[in-house]
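Trainee: quick one, structure for this:
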Amino acid sequence: MSFTYAEDGDVPTDTRGGPSRPHPVRFISPAALNLHRVYEQNRQRLQKKDGTKVPDPTTPQTKGRPRLLLMGQRRSGKSSISSVVFHKLPPSETLFLESTARIQKDSLSSFMEFQVWDFPGQIDIFDNPNFTFDMDAIFGEIGALIWVIDAQDDYLEAVARLNATILHLHRSYPHINIEVFIHKVDGLSDDYRLDIQRDVTIRIQDELSDQGVENAPVNFHLTSIYNHSIFEAFSKVIQKLIPRLGQLEAMLTNLCRTCRFEKAYLFDVNTKIYIATDSTPEDMASYEICSDYVDVIIDFTEVYGSWSRSENWRERLEGEPWAQPLDDQVACEWAESGMVLADARRPIMLREVDKFLALVAIMKEGSYEKMPQINMNVDVVVKGLTEFFEITKPKDVIGGGPQSAGLV
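Mentor: As a prediction, the model looks like this:
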């Protein structure tokens with residue numbers, strides 16, 4: 001059985017029927033064909049834009065795991081950022097973190113495996129006679145260099161070191177993304193934040209221009225661990241590491257158009273980083289609402305569903321009065337949740353994609369009347385997302401065998 005996207009007023013279409021055949025027939029729903037069409041359109045557009053052949057989706061984007069490097073001056077907040085985003089440390093407890101004395105390496109397993117390296121601020125890896133660093137080992141497989149600047153301190157030395165770092169990297173690694181986190185801005189006024197960002201941007205761009213480096217891949221973010229800005233900034237960084245990001249965005253945009261959602265996000269539930277969203281203008285308030293909702297669901301999961309069960313526990317549930325296997329007692333194999341915002345009567349829908357990812361969407365008022373159609377469309381998109389990540393996995397992760405390049 002296969003179903004199509006259901007527009008308002010439509011009903012699900014059952015495509016079963018027809019004479020029996022000697023061999024199995026593989027049915028492809030129009031919704032799945034639509035996802036494949038979007039993929040092919042993006043592929044052809046990239047070919048016309050770049051004038052080069054777009055690599056096959058199964059081709060590994062990097063050798064090994066992408067790496068995020070956290071660098072900056074001492075006490076700029078690098079360790080606090082890593083602890084809050086990737087280890088769920090409450091921001092108030094970062095006051096007790098000790099200064100980093102050596103390179104801290106964390107390997108994180110999520111929807112994609114990547115590493116986070118936290119560099120001590122007192123070590124200048126490019127100009128240090130006491131240490132010799134293997135630059136290829138550090139920067140050879142880097143995903144992004146995140147340079148943290150303390151906005152509440154004198155940042156002239158930090159900017160000078162950042163410029164020197166960019167100039168060193170530009171010679172051998174010109175394509176590394178440089179992400180500048182202008183950090184600790186929570187205590188500053190909005191005007192002062194923008195003034196600092198403007199000053200830092202001008203100082204960096206002018207120095208690089210004087211050295212002959214034009215259009216360096218440098219991006220700037222205003223961040224704080226005491227609000228959602230640090231997660232928003234990391235979302236932008238991580239999205240640049242995802243192959244075929246445009247196809248994820250196309251799926252979510254198509255879902256929002258079909259179901260008339262206000263906004264949809266694909267969240268990494270462990271870090272609250274969103275790895276994709278639809279093409280509508282970004283709305284920080286919507287992201288904060290969805291992020292807090294993910295927090296609530298994770299808290300419930302840790303209380304009711306995250307620990308391992310014993311065999312005796314399973315036997316009791318499969319005994320009387322139910323007397324059937326536990327798998328047959330489960331209503332559905334995925335997690336789903338929903339609530340209504342009292343202020344605007346807008347429902348929020350959360351749907352599990354896999355153990356790392358969740359689709360969260362803000363719906364419009366009156367959407368409950370169309371929940372059967374919405375659920376059917378979300379099913380199709382979740383299936384497409386699952387196949388997307390299977391297709392884009394490196395070959396060494398999925399066993400090296402040939403994989404299908406189409407969505408079915």
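
Trainee: please name the nearest non-neighbouring residue to Asp150.
Mentor: Ser76 (4.4 Å; C-beta to C-beta, 6 or more residues apart in numbering). Every C-beta, even on glycine, is put in place using the N, C-alpha and C of the backbone.

Trainee: how about the one you found, secondary structure?
Mentor: On the three-state scheme (DSSP: H, G, I helix; E, B strand; the rest coil), Ser76 is labelled coil.

Trainee: ditto for the one 3 residues further on
Mentor: Assigned by three-state DSSP, the conformation of Ser79 is helix.

Trainee: quick one: distance of the helix or strand containing Leu255 to the chain centre.
Mentor: Leu255 is located in helix 245-259, with elements delineated by DSSP states H and E. Between the centre of helix 245-259 and the centre of its chain there are 15 Å (C-alpha atoms, centre = their mean, to the nearest Å).

Trainee: quick one: average confidence on it?
Mentor: Across helix 245-259, the average pLDDT comes to 93.

Trainee: list the buried residues for it?
Mentor: Within helix 245-259, the residues that qualify as buried are 245-256, 258-259, counting by 16 or more other C-beta atoms under 10 Å.

Trainee: check stretch 347-365 too.
Mentor: Those would be 347-353, 356-363, for stretch 347-365 by 16+ other C-beta under 10 Å.

Trainee: now the terminal residues of that stretch, how far apart.
Mentor: By C-alpha to C-alpha, to the nearest Å, the extent of stretch 347-365 from end to end equals 7 Å.

Trainee: same question for it, mean pLDDT?
Mentor: The average pLDDT within stretch 347-365 is 88.

Trainee: all helices for the stretch 301-408 of the chain, in order.
Mentor: Applying DSSP state H, counting those that start in this stretch to the stretch 301-408 of the chain gives helices spanning 311-318, 326-329, 371-391.

Trainee: so for Ser80, which of those sits nearest?
Mentor: Ser80 lies closest to helix 371-391 among these, at 30.6 Å (C-beta to C-beta).

Trainee: show me what that closest one is packed up against.
Mentor: Helix 371-391 makes packing contacts with helix 30-50, helix 245-259, strand 346-352, strand 357-362 when contacts are defined by 3 or more C-beta pairs under 8 Å, 6 or more residues apart in numbering; DSSP states H and E.

Trainee: distance from it to the middle of the chain?
Mentor: 17 Å.

Trainee: now do stretch 310-317
Mentor: 37 Å.

Trainee: same question for stretch 228-239.
Mentor: 8 Å.

Trainee: swap in stretch 255-274?
Mentor: So, by C-alpha atoms, centre = their mean, the centroid of stretch 255-274 is 11 Å from its chain's centroid.

Trainee: and it, end to end?
Mentor: Rule used - C-alpha to C-alpha; the end-to-end distance of stretch 255-274 is 17 Å.
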